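Enquirer: output the structure for:
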Amino acid sequence: MAHACYVCSFYPVPDGEGIECPHCHRLQYGNKCPKCGQNAPTRVRDFRVYCTACNHERGALSGGGITMPISMVGKPSQFGGIASKILGTGVIAVTLLLVTLVTLAAVSFSSAILGALAVILGTFGSVAGFLLFRGGNKLEQQGTRAQHDAREQALIAAARTRGGFLTAADAAGVLEVQVAEADALLTQIAKEGQRAHVEVDRDGVVKYVFHDAAPVHVAATTAAQPNVTGVRVDVDAATVVGQPIDHKEAARQQVDREFEELKKTRAAKGE
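Expert: Model prediction:
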């Protein structure tokens, strides 16, 4: 069986958790929610599983067909990577200790055999430690990538149930993370420019508008009604090297510039 990519809509992508899309290379997580129809990752609360897009309860944690919760995606690889790096560090430390002891013994007894043994121990121990450390790095990177892709997929699915856009607070609720962490992820997606951009509505609320997140019909209790957006903000233009992005300040500056241009235009017309 196959499906369209949950992020870029490329078809076909083989079914299964963590399968990579051959087009955008995003990993695929979550099955179809019966409420909102989104292929969204799930989250767990009080041993019950809920859709990250519309918050519809999907069943008990022990129920069949329940996919890996978004909070656990990538964690096994990250933990395995950390363990592998710790083990690699331990192997290198033990190797250095053994090599030192054997070398001292070789010098004390003027033994060529012990000297050769020290070289062999140092070589094999260093190689083993290096391979474990490198493998741990790769596992951590895989876990980080899986976590990022699952979160991005959850945000796109959630945006479809909220009129095509999300605020940082919305994203934090979807991912169950701090608002600052959710805002950083949304900013990263907006910087790429392919999937989302930043807009500020009439009330000064910063919204991240997802290009391919066409709204879907869900119950009014689970979907925020869209508000008319106003100024579109160029994230790259608002970035100051070495400083965090303040979207609200960037939006205010954009509005001030447009207002000044409007006043100049009216003055030129004598209004």
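
Enquirer: how far is stretch 21-33 from where the chain is centred?
Expert: Between the centre of stretch 21-33 and the centre of its chain there are 13 Å (CA atoms, centre = their mean, to the nearest Å).

Enquirer: my bad, stretch 173-189
Expert: 9 Å.

Enquirer: and the longest helix along the chain, what does it pack onto?
Expert: Taking DSSP state H as the criterion, the chain has its longest helix at helix 112-160. The contact analysis (3 or more CB pairs under 8 Å, 6 or more residues apart in numbering; DSSP states H and E) places helix 112-160 against strand 27-28, helix 75-109, strand 165-166, helix 168-175, helix 179-192, strand 206-210. C-betas here are computed from N, CA, C, even on glycine.

Enquirer: neighbours of residue 11, how many?
Expert: 11 (other CB atoms under 10 Å).

Enquirer: should've said residue 157
Expert: A count of nearby residues for residue 157, using other CB under 10 Å, gives 27.

Enquirer: looks like residue 89 contacts residue 128 (just checking).
Expert: No: with contact defined as CB atoms under 8 Å, residue 89 does not reach residue 128; the gap is 11.6 Å.

Enquirer: pull the contacting residues for residue 130.
Expert: 88, 92 (CB atoms under 8 Å, 6 or more residues apart in numbering).

Enquirer: swap the cut-off to 10 Å and go again
Expert: Residues counted as contacts of residue 130 (CB atoms under 10 Å, 6 or more residues apart in numbering) are 88, 91, 92.

Enquirer: surely residue 184 touches residue 178?
Expert: Yes: if you go by CB atoms under 10 Å, residue 184 and residue 178 touch, sitting 9.5 Å apart.

Enquirer: between these two, which contacts overlap?
Expert: Common neighbours of residue 184 and residue 178 are listed as residue 168 (criterion: CB under 10 Å, 6+ apart).

Enquirer: columns neighbour count and distance to residue 23 on top of the contacts of residue 130, output as CSV?
Expert: Putting the contacts of residue 130 into CSV (neighbours: other CB atoms under 10 Å; distance: CB to CB, whole Å) gives the following:
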residue, neighbour count, distance to residue 23
88, 20, 35
91, 20, 40
92, 17, 41
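
Enquirer: using TSV, please lay out the residues you listed together with distance to residue 42 and pLDDT.
Expert: Converted to TSV, the contacts of residue 130 look like this (distance: CB to CB, whole Å; pLDDT from 0 to 100):
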residue	distance to residue 42	pLDDT
88	34	95
91	38	96
92	40	94
